[in-house]
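> give me the fold of what follows.
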Amino acid sequence: MHRTLWWTAAALVALAGPAAAQRNGDGAAKKLYCWNENGSKVCGDALPATAVDSARTEISARSGLATGRVDRALSADERAAAAARAEAERQAALAAEAQKRRELAMVESYASEAELRRAYEHRLSLSQGTLQSSRMAVTGLRQSLLSLLRRAGEAELMGKPVAKPLGDNIRTQHAELQRQQRLLTDHQREAAEVQGEFADTLARYRALKISAADAAAGGNGG
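This next block holds a predicted model:
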């Protein structure tokens, strides 16, 4: 059939006549269904098995007006994707709720910013101490390597070959210096992360304290 949805539905209502306005045996109002089949709009008072999974519009046989729409059935891949989205949303909601509980506990646990700062002092001090130790290790290795290279250079200037133990030591020190430099980079990042976390926590703590104070003031005023 190649009629438009409206004209097809109207024709069915007209053909059905008074009978279409009657209710069926179980008391429900009779419906017409319109769906797409091979590129054409098809309407009928019964839904064939081939159209059960298709998107369709439900129309009142009495008024000829659309009363609802049913989307097509999802494929297995679409159902899996929808389930994955739903699970991701559920996990996000759980994470948000857990974060809210942690923030409320933080406000209740620390009476002042000073107490919150003291709670972070150990982590801040530990990260700074690790960073300082890493810097000292890099400085010491660099100085040691320079000394070894100076000895090798002096030997070459005197026309002597660089002794194998000295060359091996230079390579070993250089590899260790590179390793310590990578560690230093990691420790710098970790220290910055702790500092950033503390700054974010402190800002959030202040905001929550203000909100709590405003809520208390509003409650007292009421």
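
> from the chain's centroid, how far away is the helix ranked longest in the chain?
Taking DSSP state H as the criterion, the chain has its longest helix at helix 164-221. Relative to its chain's centre, helix 164-221 lies at 22 Å (Cα atoms, centre = their mean, to the nearest Å).

> helices or strands up against it?
Helix 164-221 is packed against helix 76-109, helix 113-157, with contacts defined by 3 or more Cβ pairs under 8 Å, 6 or more residues apart in numbering; DSSP states H and E. C-beta here means a position set from N, CA and C on the backbone, and glycine is covered the same way.

> wait, which of those is closest to residue 194?
helix 113-157 (4.6 Å; Cβ to Cβ).

> tell me what that closest one is packed against?
Right, helix 113-157 is packed against helix 164-221 by 3+ Cβ pairs under 8 Å, 6+ apart.

> on that earlier part again, with distance to residue 191 and mean pLDDT added, can I get the helices and strands packed on helix 164-221 in TSV?
Output for the helices and strands packed on helix 164-221, formatted as TSV (distance: least, Cβ to Cβ, whole Å; pLDDT from 0 to 100):
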stretch	distance to residue 191	mean pLDDT
helix 76-109	22	80
helix 113-157	4	91
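
> format those as TSV; extra columns: mean neighbour count and distance to residue 190.
TSV is the format used below for the helices and strands packed on helix 164-221 (neighbours: other Cβ atoms under 10 Å; distance: least, Cβ to Cβ, whole Å):
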stretch	mean neighbour count	distance to residue 190
helix 76-109	11	21
helix 113-157	14	6
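
> quick one: closest of these to residue 59.
Closest approach to residue 59 among the helices and strands packed on helix 164-221 (Cβ to Cβ): helix 76-109, 26.6 Å.

> before we move on, the earlier item: quick one: mean pLDDT over the longest helix of the chain.
What helix 164-221 shows for mean pLDDT is 87.

> how far away is the residue lying closest to residue 163 once chain neighbours are set aside from residue 161?
Once flanking residues are discounted, residue 163 sits nearest to residue 155: 7.4 Å by Cβ to Cβ, 6 or more residues apart in numbering. Here residue 155 is placed at a distance of 7 Å from residue 161 (Cβ to Cβ, to the nearest Å).

> strand partners (parallel or antiparallel) of the longest strand anywhere in the chain?
The residue-count maximum for a strand in the chain (DSSP state E) belongs to strand 31-37. Here strand 31-37 is paired, per DSSP bridges, with strand 40-44 (antiparallel), strand 56-60 (antiparallel).

> closest to residue 166 out of those?
Smallest distance to residue 166 across the strands paired with strand 31-37 (Cβ to Cβ): 85.8 Å, for strand 56-60.

> may I see the buried residues of the closest one?
56-57, 59-60 (16 or more other Cβ atoms under 10 Å).

> between those residues, which sits nearest residue 82?
residue 56 (19.9 Å).

> tell me the bridge partners for the closest one.
Following DSSP bridges, residue 56 is listed with bridge partners residue 35, residue 70.

> ok, it to residue 36 distance?
8 Å.

> repeat for residue 115
Taking Cβ to Cβ as the measure, residue 115 falls 66 Å from residue 36.

> for residue 117, same thing?
Separation of residue 117 from residue 36 (Cβ to Cβ) stands at 66 Å.

> break the chain down into its structural domains.
Following automatic domain parsing, one gets these domains for the chain: 5-70, 108-205.

> ends of the longest one, how far apart?
If I follow you right, that is domain 108-205. End-to-end span of domain 108-205 (Cα to Cα, to the nearest Å): 10 Å.
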